[in-house]
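Asks: Next comes the sequence, and after it the predicted model I'd like to discuss.
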Amino acid sequence: QVQLVESGGGLVQAGGSLRLSCAASGRIFSNYVVGWFRQAPGKEREFVARITWSSGLTFYADSGKGRFTISRDNAKNTVYLQMNSLKPEDTAAYYCAATRTWGTSPAHYDFWGQGTQVTVSS
C-alpha cells in the first residue's frame with residue numbers, strides 16, 4: 001500500500017505562485033509514476049502532470065505547460081508541483097496519485113491522496 005498526503009494549497013491572486021507537496025509513505029517502488037490531478041466543482045477530475053519516481057521523466061497536460069513544474073525528492077519521498085502564473089481557471093482541488101502504469105486517466109491510478117484546495121482570485 002502507498003499513502004499520499006498533499007499540502008501547500010491556499011488562496012493566491014492571479015499571477016501568483018504556489019508549490020504543492022505530495023508526501024508518500026508505504027511501499028514506494030522505483031517503477032511507480034506519481035501524477036497530479038485537479039477537480040473543479042461540477043467538472044471531471046483532470047490530469048495535470050506526472051513524473052516517474054526513478055528517472056524523473058515528466059509529462060504535462062497542455063493546461064500547465066510552461067507554467068507548472070513537477071519534480072521529486074527521492075530522499076524525502078516527496079513529489080512537488082510548482083505552479084506559476086496562476087489563473088482563476090486553475091482553481092480546483094488538487095490531488096496526487098500513484099500508479100505503476102504510464103497513463104493520464106484517473107482510472108489508471110491506484111492510490112490517491114485526500115487533496116488540497118487551490119483558489120486563485122482575479
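Replies: Done, it's in.
Asks: Residue 28: what's it in contact with?
Replies: Applying CB atoms under 8 Å, 6 or more residues apart in numbering to residue 28 gives the contacts 2, 53, 77, 98. Every residue, glycine included, has its C-beta placed from N, CA and C.
Asks: actually residue 101, sorry about that
Replies: Contacts for residue 101 (CB under 8 Å, 6+ apart) come out as 33, 108.
Asks: likewise residue 57?
Replies: Contact partners of residue 57, counting by CB under 8 Å, 6+ apart, are residue 51.
Asks: excluding its backbone neighbours, what's nearest the residue at minimal distance from the centre of the chain?
Replies: By CA atoms, centre = their mean, the chain has its centre lying nearest to residue 36, at 2.3 Å. In this structure, residue 36 finds its nearest non-sequential neighbour in residue 48, 4.3 Å apart by CB to CB, 6 or more residues apart in numbering.
Asks: Dump the C-alpha coordinates for the strand or helix carrying the one you found into PDB.
Replies: Counting by DSSP states H and E, the element that carries residue 48 is strand 46-52. Provided in PDB are the C-alpha atoms of strand 46-52 (Å, rounded to 0.1, in the frame of the first residue of the first chain):
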ATOM      1  CA  GLU A  46      -8.300  16.100 -15.000                       C
ATOM      2  CA  PHE A  47      -4.700  15.200 -15.400                       C
ATOM      3  CA  VAL A  48      -2.100  18.000 -14.700                       C
ATOM      4  CA  ALA A  49       1.300  16.400 -14.700                       C
ATOM      5  CA  ARG A  50       3.200  13.200 -13.900                       C
ATOM      6  CA  ILE A  51       6.700  12.100 -13.000                       C
ATOM      7  CA  THR A  52       8.500   8.700 -12.900                       C
END
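Asks: Quick one: mean pLDDT over that strand.
Replies: Across strand 46-52, pLDDT averages out at 97.
Asks: pLDDT at the residue nearest to the centre of the chain, what is it?
Replies: Residue 36 is given a pLDDT of 98.
Asks: Next up, the contacts around it.
Replies: Residues in contact with residue 36 (CB under 8 Å, 6+ apart) are 20, 22, 47-50, 70, 79, 81, 94-97.
Asks: got CSV for those residues, with neighbour count and distance to residue 57 too?
Replies: Shown next, in CSV, are the contacts of residue 36 (neighbours: other CB atoms under 10 Å; distance: CB to CB, whole Å):
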residue, neighbour count, distance to residue 57
20, 24, 19
22, 26, 17
47, 21, 15
48, 24, 16
49, 24, 11
50, 26, 9
70, 24, 10
79, 26, 13
81, 27, 16
94, 23, 21
95, 23, 21
96, 31, 17
97, 23, 17
